[in-house]
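Student: could you look at this predicted model? Sequence included:
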Amino acid sequence: AQKITQTQPGMFVQEKEAVTLDCTYDTSDQSYGLFWYKQPSSGEMIFLIYQGSYDEQNATEGRYSLNFQKARKSANLVISASQLGDSAMYFCAMRVLSMNTGFQKLVFGTGTRLLVSP
Amino acid sequence: EAGVVQSPRYKIIEKKQPVAFWCNPISGHNTLYWYLQNLGQGPELLIRYENEEAVDDSQLPKDRFSAERLKGVDSTLKIQPAELGDSAVYLCASSFGDRTFFGQGTRLTVV
């Protein structure tokens, strides 16, 4: 089964501290992609960071980095120096090949709600 | 550059009524998706378009849902008739290469 698991329904962090949001995945594909999206209360899914399964280095985008451990099938998001505006839902997603159609699609986890306090 | 644009942002309808959502993807993106997001869940794919062709509609409940993407640009998702369980956020997305970009979604409430 192709699945994303996010075990943390909610996380709290103080402003300026770092926080790690957990994500594990399950796939039999050799080639896949892993994504993190931020969803504020406005509803839009905002792309944060991408990691390809063949990328040897962990992806980084500004304050976001993806801790990719292929053997453990984990793709944790690390946010450094948290800001109040980081409070939102965060979704981990995996690009997988649909067995029915042969086309790729994104499979999402259930999300983690992050609350940054002053 | 404009992102993925959806309208309306919010819609409240009575059950058994029809409803339609509109999406304009990012210019130049040939791939367009409609996702359904239930409360407390991640989005799930309803349909994927490559240009004007629906290449993956295996998750679309075809008895009441329909979609079209005439001319391969903007797209419309329709529900007829709506049921109480259709209350959710409907997200449109478009992609080019590895990256997928989402709109703000339409929050549908069926009463």
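Tutor: Now that the structure is in, tell me what you want to look at.

Student: contacts, neighbours, all on C-alpha from now
Tutor: Fine.

Student: how much space between residue A:90 and chain B?
Tutor: 10 Å (CA to the nearest CA, to the nearest Å).

Student: who's that residue bridged to?
Tutor: residue A:38, residue A:112 (DSSP bridges).

Student: same question for stretch B:57-69: list its buried residues.
Tutor: By 16 or more other CA atoms under 10 Å in any protein chain shown, the buried positions in stretch B:57-69 come out as B:57, B:60, B:65, B:66, B:67, B:68, B:69.

Student: got a list of what the first one touches?
Tutor: Under the criterion of CA atoms under 8 Å, 6 or more residues apart in numbering or on different chains, the contact list for residue B:57 reads B:46, B:47, B:48.

Student: for those residues, which single residue is the most surrounded?
Tutor: residue B:48 (27 neighbours; other CA atoms under 10 Å in any protein chain shown).

Student: any idea how far whichever residue of chain B sits closest to chain A is from residue B:55?
Tutor: Residue nearest to chain A within chain B (CA to the nearest CA): residue B:104, separated by 3.8 Å. In this view, residue B:104 and residue B:55 are 24 Å apart by CA to CA, to the nearest Å.

Student: of those two, give the one with the bigger neighbour count.
Tutor: Between residue B:104 and residue B:55, residue B:104 has the larger neighbour count (other CA under 10 Å), namely 24 against 15.

Student: how about that one: what's its closest non-neighbour residue?
Tutor: Spatial nearest neighbour of residue B:104, chain neighbours left out: residue A:44 (3.8 Å); criterion: CA to CA, 6 or more residues apart in numbering or on different chains.
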